[in-house]
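I would like to see how this sequence folds:
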Amino acid sequence: MALLFKEMNHVAKPFAYLARFSARNPIHVILTTLIISTAAYLSVIQYYFSGWQLDSNSIFSSNTRDQEQFFQECTHYVKEPSSRAWGLVSNGVAKDTFTRQHYYLFDMNFQTDNHSIPLPELENTYFQRGNEKYVLSSQLDLPTILESSDGTQWRLKASNNYLIEIQRFFVFLYKSCTTHIHESDPFDLFIIVMAYVTMMYTLVGLFTDMKKKGSNVWLSLATIFNSIFALFLALYTTECIIEAPVNIFSLVEGLPFIFVIIGFKYKVKMAAYALNKVEKIGISKKMTTDKIIFDAASHVGGRLMQDHFLCVIAFVGCSIYASHLEALTNFCILCSFILSYELILTGTFFAAILSLKLEIYLIHRSTIIKQTLEEDGVVPTTADIISSAESKSETSIFQSNTTVAFAKLAIILLFVIIHFYNFGTKWASYTFSSFYMNKGPKLLPDFIKNARASDMFNEGDVVSIAPIQYYQPSKSYHQVEDLLLSVLSYISVAIRDRFVSKMVFFALIFSATINIYLLNAARLHTLFTANELYKKTSSITSLNLTSKATTPLKSLSPLPVPVPKTISEKLTERKSFNTISNVSTYVIPECSTDGEESDSSDSSDIQRSIEDLEKDLNDGKVKTLKNKEIAALVVNSKVPLYALEKQLGDTTRAVAVRRKALSILADAPVLDSERLPYKNFDYDRVFGACCENVIGYMPLPVGVIGPLIIDGVPYHIPMATTEGCLVASAMRGCKAINSGGGATTVLTKDGMTRGPVVRFPTLKRSGACKIWLDSEEGQEKIKKAFNSTSRFARLQHIQTALAGDLLFIRFRTTTGDAMGMNMISKGVEFSLNQMVEEFGWDDMEIVSVSGNYCVDKKPAAINWIEGRGKSIVAEATIPRDVVKKVLKSEVSALVELNIAKNLIGSAMAGSVGGFNAHAANLVTAVFLALGQDPAQNVESSNCITLMKEVDGDLRISVSMPSIEVGTIGGGTVLEPQGAMLDLLGVRGPHPTSPGENARQLARIVACAVLAGELSLCSALAAGHLVQSHMTHNRAKKPEPAPHVSQPITAEKPKLRKEDLARLEEGSKICIKS
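Sure thing, here's the model as predicted:
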């Protein structure tokens, strides 16, 4: 329902704060809810069923039968004094009547398929028929174990056959339902049936919706238990507090309507909002799980409370209007309480469960990221997933999602079965049959009623006929069952002890405390990972204010107007080591992070000598020095340029000091200006990861193309470039590709390579090593050694080549969602050392871990042929009319151009992997925008573009065998580049399918190249390449630098139409020639 009252958003704030509190203390809330709901459950069961009657053979009973209960199950007859006939009496009369003799008749049925086994001999056997013996005894006592003459032991069973009892129960239900159907109004019956069908549909929809949102079972179960708890709390309130009982039959009939009214859509929306937000944001110091739960509760709280309030008002009004109908009134009151408790539990119990789900996800996510960074990009199971295709091994059944889901449901079902079994609720024979089935009295056997037998009983004697008792021969598994039952019985009895029960209670409290502690520790682990990955330079505002407040009054005086200086004076000033520069200075680190100081130019400012500054440096007081003083130490070679970050502990301040020092050392006044920016950048992510001796950052314009539909999913692809027309041209290609249904991609190979070179004393030894490495034995040994270097590394294949006595070995391995070159190098180095030390190649000399046989950041035919990184093929079909209207060309012209230029022309030039128009343009622009290594553009741009005419339409494809990308590590740790990866939805390691983010990024890169190839080739075929460049980039001449003698005019030079026409004609002639 739409939000009718905007005020409900304000009313929902307390609900959101309640959810936030529950998210902060999930275990406390869950335990409290369980305890309260369990107490309500027991009270409700006690009210409706007078307590669950435990079976006499329950594990919680003693070894002896419960005689009181057994007596209640008997049928009692008394011999009347007047007529000397047998009369049926109640349990109470039979128990309270003072008779001369009370007899118990036991019908003992011995069940066995082996008729050769003799039956046990029993005392007081009154009558025998086949395998049945009737024993008449004066004591209500029945042996549980009997023994035959041949030593066979007979064991007492609780009942004859559970399956028969179940069958009887369902037969009874069938007859009862048939009777009620014939007696009920067809319309009422139709409504009830449809309500139950709708309830089942709602349940199925809950599991389906939750699975789509990212939770297979647990959130769905939490949602159902949330409603069950609300039902029991409401029943307890109506039955035990306000004394407005609801008949159980009314509850059974009305339960599906309550179910459908409450529904689960808001819990699904709340879970979807939270899961989507944590998926987008990931690990962050600023966005914790309780804040996510608060936002989710605020998002759905208004409509949730509005719908519940309206339903409660409707039920209350109905109860008032129908106050003369007690059953309807009580049911409406019950529904009101169910909705109220449902609302409260959604903000407490469900919010706590959802918070735990997010906490577990974040802990898992942070662990993966930490391991990924440690192993340079390899996440768990990635290597196994990819290498399994190489080894052609079958997927284990335990890796199947269906099997896992089935196992979860089986465990839950087993738990329910054990629950019912433990509590002895023989639901087919005791619970339901006692409530809904009339067993009737047992008839007095004829051998008791005949004349001879009647003479044996005196007037007033009572005969109690016990239920049939079944015996069967004892088997081996009965011993195991007895042992198990005795242990459980012992535990049950022990728990009843006053001391033991208190110990169990305190153990429960201790366990809950430990769980809370572990959850908080896990949160600290997640927070630590967030600090490590996303640590930003914090601006301590309070310290800034304190610093300004404690500044001497003289510093608040107006600054003197600077006198212009000549360039030579400035250079002389910078070269003077002990002269303090009067240009912009920088802040003390404790007070700022932007690197600026507020030094006064007052002449009383004391200038310290290098000796004094060096003394403070040696005493560890370098952080207390001003930036200009630290710069003086750098200039005097007292502090290395590269060590500023470690010395100062502030990366931004280190950049500011380095700029000041270099402005003196390199005579570079430009570093004193803002032309190369350095402020407002997170250098903590750069330090030790991306760059050294940092003096600032280089802004690049970032454009976006798209949406480009790739495998049915639209993507907006960022591109960082300074070349005009590139983004516009690729955008036109995206439009043309989308008109044909989008691009289709195929990944053919995924494996990064490293190629060391080794040397042997003789060619014969080199050749022998090559043969060994190519053999199955060599491959397996090297693979085992390589895989042992990492928790995640998995070697796929080894390729060798021989040049003289030099042996080149190309390792291909998985890297997950990152490049992983450090991990590969470590594995290669260890494998080579194992060859020398363990595998018998002690005369091998390792020339280089990288022998240019990889090949990394260099053009090479091996990358073009064998592939490196991700090998992608992307294809699209462009309709004929789109080629004409959007691309302004013809299909035949494009096909002819591609053959002449990209295929024949590249072959004539001897190109390797360069059978394309400008793949490197797109690859580099996307790499720069997404934090990839720009130098790997060399091999990543290997591409062959193919075009052909199919049914009048244009089919274009690009095959790129060596795209080297990663979504974690390197430049992706920088926030702007990471934000662009977020734009594509591929940042960091994939949470469920390791390596999938990097593979998807490679597909996106290939499709961007496809769009650029299509548009540029169309421009060349149409002959307006030069025209577009002149229109976009060359029509405006660059403005001259300001000069005193040459004033700047506002008029902009324009390109005449005649020039445009001439350029267009010339470009056509150039292309045709």
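
quick one, domains of this structure?
7-49+181-378+407-420, 69-163+442-496, 620-699, 702-750+869-1027, 756-848 (the TED database).

same list (the ones you listed) but as a markdown table, adding mean pLDDT and mean neighbour count.
Where C-beta positions appear, they are placed from N, C-alpha and C, glycine not excepted. Output for the domains of the chain, formatted as a markdown table (pLDDT from 0 to 100; neighbours: other Cβ atoms under 10 Å):
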| stretch | mean pLDDT | mean neighbour count |
| --- | --- | --- |
| domain 7-49+181-378+407-420 | 79 | 18 |
| domain 69-163+442-496 | 77 | 14 |
| domain 620-699 | 88 | 18 |
| domain 702-750+869-1027 | 92 | 21 |
| domain 756-848 | 91 | 18 |
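
and of the ones you listed, who's closest to residue 863?
With distances scored as Cβ to Cβ, the stretch of those nearest to residue 863 is domain 702-750+869-1027 (4.3 Å).

okay, the domains of the chain in JSON lines with distance to residue 512 next?
Listed next are these as JSON lines, based on distance: least, Cβ to Cβ, whole Å:
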{"stretch": "domain 7-49+181-378+407-420", "distance to residue 512": "6"}
{"stretch": "domain 69-163+442-496", "distance to residue 512": "18"}
{"stretch": "domain 620-699", "distance to residue 512": "39"}
{"stretch": "domain 702-750+869-1027", "distance to residue 512": "29"}
{"stretch": "domain 756-848", "distance to residue 512": "33"}
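
looking at those domains, which is closest to residue 862?
Across the domains of the chain, closest to residue 862 is domain 756-848 (Cβ to Cβ), at 7.5 Å.

distance between the ends of that closest one?
End-to-end span of domain 756-848 (Cα to Cα, to the nearest Å): 6 Å.

now that domain: how far from the chain's centre is it?
Relative to its parent chain, domain 756-848 has a centroid offset of 37 Å by Cα atoms, centre = their mean, to the nearest Å.

change the start of the numbering to 4 and stick with it
Renumbered: residue one is now 4, and that last one reads domain 759-851.

among the domains of the chain, which comes closest to residue 858?
So among the domains of the chain, domain 705-753+872-1030 is nearest, using Cβ to Cβ, at 6.9 Å.

and the helix or strand containing residue 12, how far out from the chain's middle?
If you go by DSSP states H and E, residue 12 is part of helix 10-27. The chain centre lies 25 Å from the centre of helix 10-27; the measure is Cα atoms, centre = their mean.

point out the other helices and strands that it packs with.
helix 292-324, helix 354-377 (3 or more Cβ pairs under 8 Å, 6 or more residues apart in numbering; DSSP states H and E).

what does it contact?
6, 32, 292-301, 304-309, 346-347, 349-352, 354-355, 357-358 (Cβ atoms under 8 Å, 6 or more residues apart in numbering).

got the angle between it and helix 354-377?
60 degrees (axes from the mean of the first three to the mean of the last three Cα atoms, to 10 degrees).

between helix 10-27 and helix 292-324, how many degrees?
130 degrees.

tell me the helix or strand right after helix 10-27.
Counting by DSSP H and E, what follows helix 10-27 is helix 29-52.

just the CA trace of the next helix or strand after that following helix, in CSV.
As assigned by DSSP H and E, the chain's next helix or strand after helix 29-52 is helix 70-76. Extracted C-alpha coordinates of helix 70-76, given in CSV (Å, rounded to 0.1, in the frame of the first residue of the first chain):
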residue,chain,number,x,y,z
GLN,A,70,1.0,-46.4,36.7
GLU,A,71,-1.3,-43.5,37.0
GLN,A,72,-1.4,-42.9,33.3
PHE,A,73,-1.5,-46.6,32.6
PHE,A,74,-4.5,-46.9,34.9
GLN,A,75,-6.3,-44.1,33.0
GLU,A,76,-5.8,-46.0,29.8
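
chain center to helix 70-76: distance?
56 Å.

which helices and strands sit right next to the next helix or strand after it?
Next along the chain after helix 70-76, taking DSSP H and E as the criterion, comes strand 78-82. Judged by 3+ Cβ pairs under 8 Å, 6+ apart, the packing partners of strand 78-82 are strand 89-92, helix 94-99, strand 465-468.

export the ones you listed as CSV, with columns for distance to residue 271.
Formatted as CSV, these follow (distance: least, Cβ to Cβ, whole Å):
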stretch, distance to residue 271
strand 89-92, 59
helix 94-99, 53
strand 465-468, 57
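
can you say which of these is nearest to residue 125?
Closest among those, using Cβ to Cβ: strand 465-468, at 17.0 Å.

and residue 748, that one's in a strand?
Yes - assignment of residue 748 by DSSP: H, G, I helix; E, B strand; the rest coil places it within a strand.

quick check, it in contact with residue 877.
Yes - with contact defined as Cβ atoms under 8 Å, residue 748 reaches residue 877; the gap is 4.7 Å.

shared neighbours, these two?
713, 1006, 1009, 1010.

A strand includes the second one, no?
Right, residue 1006. No - assigned with three-state DSSP, residue 1006 falls outside any strand and is helix.

how near is the nearest residue to it once chain neighbours are set aside to residue 1009?
Excluding its sequence neighbours, the residue lying closest to residue 1006 (Cβ to Cβ, 6 or more residues apart in numbering) is residue 748, at 4.3 Å. Residue 748 sits 6 Å away from residue 1009, taking Cβ to Cβ, to the nearest Å as the criterion.

what residues do those two have in common as contacts?
Joint contacts of residue 748 and residue 1009 (Cβ under 8 Å, 6+ apart) are 875, 876, 877.
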